[in-house]
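Enquirer: Below: sequence and its predicted model.
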Amino acid sequence: IRDRIMLTAFRLAERDPSVMRKVITFRNSDFTGGSDFLARAADGQRFTVHQLVVPMIQVSDNTAANILITHFGFDAINATARRAGMRGTLLRRHFLDTAAVLRHQDNRTTPADMAHLLFEIERGTREAISTVASPESCRDMIRIMLGQTDRDKIPAGVPRGVPIANKTGEVTGTRADVAIVDPFGLSPYVLAVYTENLDDWSGGAYGIANISRLVYRHVEGTML
């Protein structure tokens with residue numbers, strides 16, 4: 001879901017570059033759990049849209065995501081997902097909105113949608129064409145994802161030093177990761193792995209890392 005919020009920001013900025021410089025004021029009432037970046041923010045502190053997009057992706061900051069959802073609106077973000085060809089994706093609530101969860105207003109996406117999005121971002125960069133966004137926006141989004149701090153899933157199955165642009169996700173009983181492996185290299189590929197019904201979340205990370213390791217070995221083998 002956060003990838004769609006990022007994509008919305010970049011697509012709007014293509015029409016109006018001031019979008020990324022737009023200033024949003026943080027209020028203590030905005031704060032929710034799982035927000036390592038904004039946990040240090042002071043009431044009334046001001047951030048640009050770009051300054052919120054980065055931690056939303058790189059450290060999965062929930063408050064940054066929620067502020068951006070409010071800023072852009074559910075309709076705009078969902079419309080962006082539809083235009084990008086993500087038919088199984090829908091944003092219906094803010095992150096950690098307990099009342100919305102009890103009303104069964106669940107956010108949803110699919111591994112196919114996530115893989116499609118990252119494939120089109122990589123393709124836009126590599127072929128220098130507009131796909132889900134302009135080539136410049138695609139490259140900038142990859143650079144942000146290259147700074148992802150959660151590296152215990154797909155990145156853990158790839159040799160150290162191979163660049164990986166990824167975005168993780170998790171809710172109760174699930175763990176997921178989607179990545180472009182070696183996005184600016186000679187043979188990049190996209191991998192999306194979702195797990196569910198987990199009693200042990202570490203087992204989900206371990207399983208995703210093992211799948212990633214097998215895929216990397218297979219891809220490397222085909223290049224020989």
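Expert: Received the coordinates, thanks.

Enquirer: Assumed G221 was part of a helix.
Expert: Yes. The assignment for G221 by DSSP: H, G, I helix; E, B strand; the rest coil puts it in a helix.

Enquirer: quick one, what contacts it?
Expert: With contacts defined as C-beta atoms under 8 Å, 6 or more residues apart in numbering, G221 has no neighbours. For every residue, glycine as well, the C-beta is placed using N, CA and C.

Enquirer: Same check on G207?
Expert: Residues in contact with G207 (C-beta under 8 Å, 6+ apart) are V193, T195.

Enquirer: change it to 7 Å
Expert: T195 (C-beta atoms under 7 Å, 6 or more residues apart in numbering).

Enquirer: Which positions in the helix or strand hosting it come out as buried?
Expert: Following DSSP states H and E, one finds G207 within helix 201-223. For helix 201-223, a neighbour-count test (16 or more other C-beta atoms under 10 Å) marks G204, A205, Y206, I208, A209, I211, S212, V215, Y216 as buried.

Enquirer: count of residues packed around the nearest residue to P55 once chain neighbours are set aside?
Expert: Excluding the flanking residues, the one nearest P55 by C-beta to C-beta, 6 or more residues apart in numbering is F37, at 3.6 Å. F37: 19 surrounding residues under other C-beta atoms under 10 Å.

Enquirer: How about the contacts made by F37?
Expert: Shown in contact with F37 (C-beta under 7 Å, 6+ apart): P55, V59, D61, A64.

Enquirer: so which of those residues is the most crowded?
Expert: That'd be A64 among those, by other C-beta under 10 Å, with 31 neighbours.

Enquirer: Tell me which residues touch that residue, please.
Expert: Going by C-beta under 7 Å, 6+ apart, the list of residues near A64 reads S35, F37, L38, L52, P55, M56.
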